[in-house]
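K.L.:
predicted model, plus sequence, below.
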Amino acid sequence: MVRFFCTLFFGVLFVLQVQSQTTVVQISTNFGAMKFRLYDDTPLHRNAFIELANEGYYDGTLFYRVIQDFLIQGGSKSSKDAPPGKRIGYGDPDKTVDDEILSHYFHKKGSLCAPRQPDEINPFKQSDISQFFIIKGSVHTAGALDTMEMAINRPIRKKITEKYLTPSVREELKQLKGEKKVAEFRAIANEVKDKIETEYTLDPGTLEFSDAQREAYTTVGGYPELDGKYTIFGECISGFDVIDKIAALNTDKNNRPYTDVKITVTVLNK
């Protein structure tokens, strides 16, 4: 009886471990192999990617768009057996999934991401999972990140300030100051300030890098300009040198490497 329950216990434990095991995929190329951990909280992208990989959909396709200090992009069916110089990289409109853009994922080096059509024709940011891109990016200084924040936030604060600190309000404050009516001046000034700060804090367009973002972007690097715009559904866990090799290749005017980089995708566990 004890042996039975022990066997049952370890059997259940094994099943739970398998179920909780994060999926790892390998993207192999003629320049080496990379392994990626797929995120469990982006299940639409994870499952679609696994399904296409198991079908061999990506096998034989190319990394057809390569930009140093930015990204390497591949997987498009149109790249398979494409002759040199041909412009390629068209996605499959039948292989889209709803976006799973999560704020705790950002475009650090090695991020596995799903491309999509522009907002004007794709307002819901649906991803084209028939292809994918991997972030190469570059290392940023803390000052560069500060500058990015200011470039985004200053115009937002200026617009909100002008909304509440109108010419008439400025004139009223000027008059109160001249009359030395300190209490009245402070009451209006504080009310205006509170309105500005409240609206600025709630504005979804402001940018403030988290500690995790700053740590990643100033060490391994990445491409912060894309944050919040694309779904990231995995990250590189080995083969960063392969990303570097591919990103450094010479390319034509369409950013296609002169040397074909052929892809094979293998699901290592599921």
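P.N.:
Perfect, I can see it now. Residues are numbered from 1 along each chain as shown.
K.L.:
any low-confidence regions in the stretch 101-250 of the chain?
P.N.:
Applying pLDDT under 70 to the stretch 101-250 of the chain flags no residue at all.
K.L.:
helices of that one, residue ranges please.
P.N.:
For the stretch 101-250 of the chain, the helices defined by DSSP state H, counting those that start in this stretch occupy 142-164, 167-178, 182-202, 211-217, 240-247.
K.L.:
mind checking which of those is nearest Ser111?
P.N.:
When the helices of the stretch 101-250 of the chain are compared by Cβ to Cβ, helix 211-217 sits nearest Ser111, at 9.6 Å. From N, CA and C alone the C-beta is placed, and that goes for glycine too.
K.L.:
list the buried residues of the closest one.
P.N.:
213, 216-217 (16 or more other Cβ atoms under 10 Å).
K.L.:
again, but for stretch 118-127
P.N.:
For stretch 118-127, burial by neighbour count (16+ other Cβ under 10 Å) applies to 125-127.
K.L.:
and the closest residue to Lys245 other than its chain neighbours, what does it touch?
P.N.:
Residue nearest to Lys245 in three dimensions, not counting chain neighbours: Phe31, with 4.8 Å by Cβ to Cβ, 6 or more residues apart in numbering. By Cβ atoms under 8 Å, 6 or more residues apart in numbering, the residues touching Phe31 are 242, 245-246, 261.
K.L.:
ok, now Val242?
P.N.:
By Cβ under 8 Å, 6+ apart, the residues touching Val242 are 29, 31-34.
K.L.:
separation between the residue lying farthest from the centre of the chain and Pro167?
P.N.:
Largest separation from the mean C-alpha position in the chain: Glu179, at 54.6 Å (Cα atoms, centre = their mean). Here Glu179 is placed at a distance of 19 Å from Pro167 (Cβ to Cβ, to the nearest Å).
K.L.:
now Thr161
P.N.:
12 Å.
K.L.:
neighbour count winner among the two?
P.N.:
Neighbour comparison, Thr161 and Pro167: the larger count goes to Thr161, with 16 against 8 (by other Cβ atoms under 10 Å).
K.L.:
now do the contacts for the more buried one.
P.N.:
Counting by Cβ under 8 Å, 6+ apart, Thr161 touches Ile196.
K.L.:
got the phi/psi numbers for Tyr64?
P.N.:
With angles defined as degrees, to the nearest 10, Tyr64 sits at phi -100, psi -10.
K.L.:
over to the one 4 residues further on?
P.N.:
Listed backbone geometry of Gln68 is phi -60, psi 140, with angles given as degrees, to the nearest 10.
K.L.:
touching, it and Asn250? I think so.
P.N.:
No - under the criterion of Cβ atoms under 8 Å, Gln68 makes no contact with Asn250, lying 9.9 Å away.
K.L.:
list residues touching both of these two?
P.N.:
Counting by Cβ under 8 Å, 6+ apart, Gln68 and Asn250 have no contacts in common.
K.L.:
neighbour-wise, which of the two wins?
P.N.:
Gln68 (16 against 9).
K.L.:
OK, contacts around Glu149?
P.N.:
Applying Cβ under 8 Å, 6+ apart, we find Glu149 in contact with 207-209.
K.L.:
ok, back up a step: just the buried residues out of the contacts of Phe31, in PyMOL syntax.
P.N.:
Typed into PyMOL, the line below selects the buried ones among the contacts of Phe31, using 16+ other Cβ under 10 Å:
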select buried, resi 242+246+261
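K.L.:
got a markdown table for the contacts of Phe31, with distance to Phe106 too?
P.N.:
Output for those, formatted as a markdown table (distance: Cβ to Cβ, whole Å):
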| residue | distance to Phe106 |
| --- | --- |
| Val242 | 22 |
| Lys245 | 24 |
| Ile246 | 22 |
| Val261 | 26 |
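K.L.:
circling back to that earlier point, quick one: which of the contacts of Val242 is most hemmed in?
P.N.:
Highest count within these by other Cβ under 10 Å belongs to Met34, 23 neighbours.
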